[in-house]
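In: predicted structure and sequence below. I'll ask about it afterward.
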Amino acid sequence: MTGKTLYDKIWDAHLVHEAEDGTSLLYIDRHLVHEVTSPQAFEGLRMTGRKVHAPDKTIAVPDHNVPTTAGREDPANMTEDSRIQVAALDTNAKEFGIHYYPVSDIRQGIVHIVGPEQGWTLPGMTVVCGDSHTATHGAFGALAHGIGTSEVEHVLATQTLIQRKGKNMKVEITGNLLPGVTAKDITLSVIGHTGTAGGTGYVIEYCGEAIRALSMEGRMTVCNMAIEGGARAGLIAPDEKTYEYVKGRPHAPKGAQWEAALAWWKTLYSDDDAQWDKVVTIRGEDIAPVVTWGTSPEDVLPITAVVPAPEEFTGGKVDAAKRSLDYMGLKPGTRLQDVEIDTVFIGSCTNGRIEDLRAAAAILKGKKIAVKRAMVVPGSGLVRAQAEAEGLADIFKEAGFEWRLAGCSMCLAMNPDQLAPGERCAATSNRNFEGRQGRGGRTHLMSPAMAAAAAVTGRLTDVREMM
Amino acid sequence: MEKFTKLSGVAAPMPLVNIDTDMIIPKQFLKTIQRSGLGKNLFDEMRYTTEGQEIPDFVLNKPAYRNAQIIVAGENFGCGSSREHAPWALLDFGIRCVISTSFADIFYNNCFKNGILPIVLPQEEVDKLMDDAQRGANAVVTVDLESQTITGPDGGTITFEVDAFRKHCLMNGLDDIGLTLEKSAAIEVFEAQAAQSRPWV
């Protein structure tokens, strides 16, 4: 008998039923809910007279719509449609008796930051949320993926999900990262290597020395963007760092249950003789600090490169690149380091954790911004409080950054934080799609340290020159 | 969910690769708490100017394609977010079938939950259908789910693959939740076992 991958093991431990054709019913341990993709699902329950099957395993937090400026508890400071969505979540959380962190709660924040922070996310679990960046939780060795609203309703009603098993893909990052290279550079470089559809149909397990060396925050950044490579879920096998991070969190197991959990968690790794459907290996030393130049996360290049010409691509990508360059207002051959930036956004479920703020603050200490505006949006109220306690908030403010309250903010512009047409942004978020940060807005994705460096110089900048 | 059995309609060509969910339905329209009414904002930023005027060059604004029911698209259609607003907007516009060489997983799944049939075909067959679609309103394409065939305007037939369970649900307009609740006993057994083996969950 051949060995199992980590994905195989978690899958098998959650299989409720498997039909002959492979259609499977998978049990869901944690269901995270936010205000944008859930109203129609709760409405569906109401219309059919169904209840939430496991309210104790269901956790809700508003994040996409909420303003990140002071006074946001006052509904008058939200647009009417945002207010309706947040109010609907308030009502649904109360009516169906699920765990809830309202805007007024210091623990509120981006759902994918709150889940791990509160110990809801644990190794070996199945975690779903009506949000594609649910892949983030895979950093704990949990099988975590985004679902649509119909599936949100299905999980609410049954605590299960109809699935077909995906294929196994191993992404190994060998060796060590060079100075200035971070988890964000790893995950962007992998997408640059495989393309945005390279992971479609797969669950990715990230492994190798460079992944092991990452903190839990860094691992969350890597897994967060698995979906940008097309994979519904990304996983990293749990280890001592994982247990250390989880231990003592409000909803983590304690006492004898902790010991029992730990014993099981230690079995969660891919066997040496496990079968992989696809393997990608990248040398850690080959990864440079990168930025995106286009409107797809696969449009990744080292910061030392120049803007490519459409003719360098093949097939449908030629026209896509032409369209991207036109949208981005860039000419082939331009040095990326000469591209001037208007705005800097540090935050999101990709890079809104304490380590990200530390990395940016380390670059910004004692410096001033040279861009029109710059904002830091901590991923949760607790991240914000910790950054204030560590003095990071002062560094940001003295540099000229706006110090905001927690939320999704400018990552997707469903709230007041948006780019104007043509405004060019160095962003630590996850998508550079057309219009993602505001209609006509131009997004360059990068690490928090790179975004901080761009803030200081006013152009895309090689952070290594500032270290 | 409305059944999908057989569809004859105009196919709109959208050869661009990586058409993402932010293009299909931009974020400002996700603030609805209903499923209906999103059709007018389908492809909003490609379809209208900032002043809200139709952009004549955009395919669905051309007279030939205003009533299109099928889209023939470039690879990796529907990449990006999990927003089911994307299939809701397509459906509300009247699109019941999307044909491409590949789809993003979550979008693909979401289509089946809403009576939309996403069809994956090899590049040369998508190219052929893209040519047919370029011919506009006179080029009716027929998609038959029962026989898993697509018939082009010239009578040529292409077969496609679809998961048997999904086909069954689509052809009968079945509600997944109702089907799963028939397995309540199995869910209860699983929960009882998990309470013993993983009590911390």
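Out: Okay, I see it. Numbering: from 1, shown residues only, chains lettered A, B, ... in the order given.

In: so who does whichever residue of the stretch 151-300 of chain A sits closest to chain B touch?
Out: Chain B sits closest to A:Pro253 of the stretch 151-300 of chain A, with a gap of 3.5 Å, by Cβ to the nearest Cβ. Every residue, glycine included, has its C-beta placed from N, CA and C. A:Pro253 sits next to A:122, A:260-261, B:200 when contact means Cβ atoms under 8 Å, 6 or more residues apart in numbering or on different chains.

In: which two among those are spaced furthest apart?
Out: A:Leu122 and A:Ala260 (12.1 Å; Cβ to Cβ).

In: which one's more surrounded, the two?
Out: A:Leu122 (27 against 15; other Cβ atoms under 10 Å in any protein chain shown).

In: would you agree that one falls within a strand?
Out: No - counting by DSSP: H, G, I helix; E, B strand; the rest coil, A:Leu122 is not part of a strand but coil.

In: run the chain-centre distance for the strand ranked longest in chain B.
Out: Counting by DSSP state E, the longest strand found in chain B is strand B:6-14. Centroid separation for strand B:6-14 versus its chain: 12 Å, with Cα atoms, centre = their mean, to the nearest Å.

In: which helices and strands sit right next to it?
Out: For strand B:6-14, the helices and strands in contact under the criterion 3 or more Cβ pairs under 8 Å, 6 or more residues apart in numbering or on different chains; DSSP states H and E are strand B:70-73, strand B:97-100, helix B:123-134, strand B:140-144.

In: one more time with 6 Å, if that's ok
Out: In terms of contacts (3 or more Cβ pairs under 6 Å, 6 or more residues apart in numbering or on different chains; DSSP states H and E), strand B:6-14 is packed against strand B:70-73, helix B:123-134, strand B:140-144.

In: burial measure for A:Gln337, as a count.
Out: Counted with other Cβ under 10 Å, A:Gln337 comes out at 17.

In: tell me how far it lies from A:Val456.
Out: Noted for A:Gln337: a distance of 13 Å to A:Val456, by Cβ to Cβ, to the nearest Å.

In: A:Cys411 now?
Out: Taking Cβ to Cβ, one finds A:Cys411 at 22 Å from A:Val456.

In: how about A:Glu151?
Out: A:Glu151 is 44 Å from A:Val456, by Cβ to Cβ.

In: who has more neighbours, the two?
Out: For A:Glu151 versus A:Val456, neighbours defined as other Cβ under 10 Å are more numerous around A:Glu151 (27 against 21).

In: tell me if that one really is in a strand.
Out: No - counting by three-state DSSP, A:Glu151 is not part of a strand but helix.

In: just give me the longest strand of chain A.
Out: Chain A, longest strand under DSSP E: strand A:167-174.

In: centre of the chain versus that one, how much separation?
Out: 19 Å.

In: following that strand, which helix or strand comes up?
Out: helix A:183-194 (DSSP states H and E).

In: tell me the helices and strands packed up against that following helix.
Out: helix A:216-224, strand A:290-292.

In: ranking those by burial, who's on top?
Out: Among the helices and strands packed on helix A:183-194, helix A:216-224 has the highest mean neighbour count (mean count of other Cβ atoms under 10 Å in any protein chain shown), at a mean of 28.

In: ok, the helix or strand following it: who's next to it in the sheet?
Out: Remark: after helix A:216-224, the chain's next helix or strand is strand A:233-235, criterion DSSP H and E. Applying DSSP bridges, strand A:233-235 is found paired with strand A:202-207 (parallel).

In: from the chain's centre, how far out does the helix or strand following the partner strand sit?
Out: Next helix or strand after strand A:202-207 toward the C-terminus (DSSP H and E): helix A:209-212. Relative to its chain's centre, helix A:209-212 lies at 19 Å (Cα atoms, centre = their mean).

In: who are the packing partners of the helix ranked longest in chain B?
Out: Assignment by DSSP state H gives helix B:184-197 as the longest helix of chain B. Helix B:184-197 is packed against strand A:15-18, with contacts defined by 3+ Cβ pairs under 6 Å, 6+ apart.

In: send the alpha carbons of the strand it packs on over as CSV?
Out: Extracted C-alpha coordinates of strand A:15-18, given in CSV (Å, rounded to 0.1, in the frame of the first residue of the first chain):
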residue,chain,number,x,y,z
LEU,A,15,-15.3,11.6,4.8
VAL,A,16,-18.9,11.1,5.7
HIS,A,17,-20.0,9.3,2.6
GLU,A,18,-18.6,8.5,-0.8
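
In: name the strands paired with whatever helix or strand comes next after it and say parallel or antiparallel.
Out: As assigned by DSSP H and E, the chain's next helix or strand after strand A:15-18 is strand A:24-27. Strand A:24-27 sits in its sheet next to strand A:15-18 (antiparallel), strand A:160-163 (antiparallel), going by DSSP bridges.

In: and of those, who's closest to A:Trp265?
Out: Here strand A:15-18 is closest among the strands paired with strand A:24-27 (Cβ to Cβ), at 19.0 Å.

In: what comes up buried for that closest one?
Out: By neighbour count on 16 or more other Cβ atoms under 10 Å in any protein chain shown, the buried set for strand A:15-18 is A:16-17.
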